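A.B. asks: pasted the sequence and its predicted model underneath.
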Amino acid sequence: MNAFKKIMTLLILFISLFSLVSCSALFPPPKPKSTVAVTPEKVELKFPDIMRVPIVFTGTGWSPNEMVVVDMVLPPGVEMKGVKPGEDVGIAFGQADEAGNFKAEVPPTAKLNTLFRVGWTPILAPDPKTLNPIPPGVYTIKASGADSGAVATTTLEFLAPIKK
Amino acid sequence: MAFDSWVDQINQGYERKEVMMRKTCFGFIIITFLLVIGVVPGHAQKEVTYLSLADYTAAIAGLNVPADMGCEDYFKDLNAKGGVDGVKVKFIGVDTRYDVARGVSAYKRYRTESKLLVVNAIGTPIGKAVAPLVTKDKLITLVPGDGEFQANLGRVFIWGPAYQDSFAATIDWILSDWRKAGKTGSPKVGYISWDNPYGKEFLRGGKEYAEKMGVILAPPEFFPPGSLDHSVYLTRLAKAEVNYIFVGGVDPTPTNVIRDAHKLGLTKTIQFFCDYWGPTSLGTRLHPEALEGTIIVSYYLRGDDARKHPLANLWTKYGRGKIEDMNEVYTIGISWAMTFEAALKRALKEVGYRKLDGEVIYQTYQKLTGMERAGLQGPCAYSPTSRRGSLEVKFYQVKAGKVVSISDWIKAPDAVSLHKF
């Protein structure tokens, strides 16, 4: 009888443990939500001052070491060389660290190509005569994880140059 | 009687239902059959994708546009002939404007394209940025000429010999020229290029090669891309009493550097050289007098060598204009497409269409050793231990406003192995 009790206890323990393991596999702890934020939240569209203003995206909750691509959503009617209507335009990218945090800064070429829609001379110089800033306003920013497929959004406001 | 009629009606009803069921079954079988053999719309044709992360409207568009035209036209021609064993090539060209952020974003957008096999990143910074993603996706990337990718073998393949190899070949040319002129001692060589990774790549191994060959290198001059005047840098090199100057940059930058050297009177006493992206018809038309005598080291055909090549007829066939207006980099694009075609053909033979993927193409590119591309560049040198697109260079010289051949194909020395990456 004692032996039977022992076997039953062990069996119950085993079944309980197995159930616990199975449940944890079936229902893993919720993954932290991917986030993105931008600093500063408002940027004056003033050239060449903007070239000295770092526009930095940071985020948490991404897969470790994955590349995070930051796109700007173009509102209808905003045309951009090299971007088809309805497509978003890439403005930054960065790699998440082991903890899933990433940081990405808008490079000068993106400021020129995208925020100022500049034309280039054939000697790799931006042509100042072609500066055509995007319309001021609030733009949606979309960060996407290349491995996880996770998407997070925020907004970035572009202000018209303040007349002094 | 009424009962009999009622039974007949029921029986007829059953028969009608049976006929309908039979018809439905038959229809189902026919539709299934049509879907299987691919008659009905919705069945995708056999297709593979080639992605070009290009620059069509910004700084290097002058060379990138004609090069991608060559690539696209070759694929059009190939597809018109039925493709490779019935498999068509879909060419996707994205205008990244030489902008790394856009390049990465474009890759992310197109990475799920059906049977995407190769990504050509026109511009080293974009190639380096997308390389980790392309590697994860088990595809391959093509990039211009960074020796780094030969030193660290991976999924990145370069178009021809590494930049530093071409610089080493130029050092050999200089030494031969020096000796032919009966001069003793060592020649002194100047180097001037863009202040960016591309501009510096030539000396990562090239410098070591010059030292090994006993050539004295003056301190190199790097200028910011977009500089309008290069006189300061050139004057410093002249003060260093150099006999030869190697000029980097994508045309028309080298044309403008030599234009400034001509203004300073330096072209009379110093022999100028340019790299792969030196004066094409773009530059020679602008400043023929200043460029007279300039020597260009090239891994692809230049000038009339390119325009008279039989494959150059694709330029007129696809309505690009007169052949005399064809920029010779058009043939680089043809060469990319021919390499892809050869890999695709081999891969299809080895694994068939269904199993064809990036990993197969990666393995296949390494088996293209010795593949010929109608003489547009040297034989393919890709192998398990080589990421060089070819090993040979040719020297050209600007004479009376034209770029003419002054050498046969010459195997470039391996300068990559001399540098620690």
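C.D. replies: That came in fine, so what should we check first?

A.B. asks: give me the beta-bridge partners of A:Tyr139?
C.D. replies: Beta-bridge pairing for A:Tyr139 (DSSP bridges): A:Leu156.

A.B. asks: for it, which residues are in contact?
C.D. replies: Counting by CB atoms under 8 Å, 6 or more residues apart in numbering or on different chains, A:Tyr139 touches A:Met72, A:Val73, A:Leu74, A:Pro75, A:Thr155, A:Leu156, A:Glu157, A:Phe158. Quick note: C-beta positions are derived from backbone N, CA and C, even for glycine.

A.B. asks: just the buried residues from the residues you listed, in ChimeraX please.
C.D. replies: This is how ChimeraX selects the buried members of the contacts of A:Tyr139, with burial counted by 16 or more other CB atoms under 10 Å in any protein chain shown:
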select /A:72,74,156,158
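
A.B. asks: let me know the closest of the contacts of A:Tyr139 to B:Gly214.
C.D. replies: Nearest to B:Gly214 among those, counting by CB to CB, is A:Met72 at 54.3 Å.

A.B. asks: so that closest one touches A:Thr140, yeah?
C.D. replies: Yes - using CB atoms under 8 Å, A:Met72 makes contact with A:Thr140 at a distance of 7.5 Å.

A.B. asks: where does the prediction get shaky in chain A?
C.D. replies: A:1-2, A:18-31 (pLDDT under 70).

A.B. asks: so which residues of it form helices?
C.D. replies: Residue ranges of the helices in chain A, as given by DSSP state H, are A:2-26, A:108-110.

A.B. asks: repeat that for the stretch 51-200 of chain B.
C.D. replies: Assignment of helices within the stretch 51-200 of chain B using DSSP state H, counting those that start in this stretch yields the ranges B:61-80, B:100-110, B:124-136, B:148-151, B:163-180, B:197-201.

A.B. asks: ok, and which of those has the densest surroundings?
C.D. replies: helix B:100-110 (a mean of 25; mean count of other CB atoms under 10 Å in any protein chain shown).

A.B. asks: that one - contacts with which helices or strands?
C.D. replies: strand A:67-72, strand A:89-95, helix A:108-110, strand B:47-54, strand B:88-95, strand B:116-121, helix B:124-136 (3 or more CB pairs under 8 Å, 6 or more residues apart in numbering or on different chains; DSSP states H and E).

A.B. asks: for B:Phe421, which of those is the nearest?
C.D. replies: helix B:124-136 (12.9 Å).

A.B. asks: quick check: residues of chain A near chain B?
C.D. replies: Within chain A, the positions lying close to chain B (CB under 8 Å from any CB of the partner chain) are A:67, A:69-71, A:81-82, A:87-93, A:95, A:106-107, A:109-110, A:113-114, A:119-126, A:144, A:146-147.

A.B. asks: out of everything not next to it in sequence, what's closest to the residue most central in space within chain A?
C.D. replies: In chain A, the C-alpha nearest the mean C-alpha coordinate belongs to A:Ala143, at 2.2 Å (CA atoms, centre = their mean). Excluding the flanking residues, the one nearest A:Ala143 by CB to CB, 6 or more residues apart in numbering or on different chains is A:Val36, at 3.9 Å.

A.B. asks: quick check: that neighbour touching A:Val70?
C.D. replies: Yes - shown here, A:Val36 and A:Val70 form a contact pair, counting by CB under 8 Å, at 7.2 Å.

A.B. asks: so if I had to pick from the two, which one is more boxed in?
C.D. replies: A:Val70 (30 against 22; other CB atoms under 10 Å in any protein chain shown).

A.B. asks: re earlier: need the residues touching each of A:Val36 and A:Val70.
C.D. replies: A:Phe57, A:Ile141, A:Ala143.

A.B. asks: contacting residues for the first one?
C.D. replies: Which is A:Phe57. So A:Phe57 contacts A:36-38, A:70, A:92, A:94, A:102-106, A:141, A:143 (CB under 8 Å, 6+ apart).

A.B. asks: mind doing that once more with 10 Å?
C.D. replies: Counting by CB atoms under 10 Å, 6 or more residues apart in numbering or on different chains, A:Phe57 touches A:36-39, A:68, A:70, A:91-94, A:102-106, A:141, A:143, A:152, A:154, A:156.

A.B. asks: how many residues are close by B:Ile158?
C.D. replies: 29.
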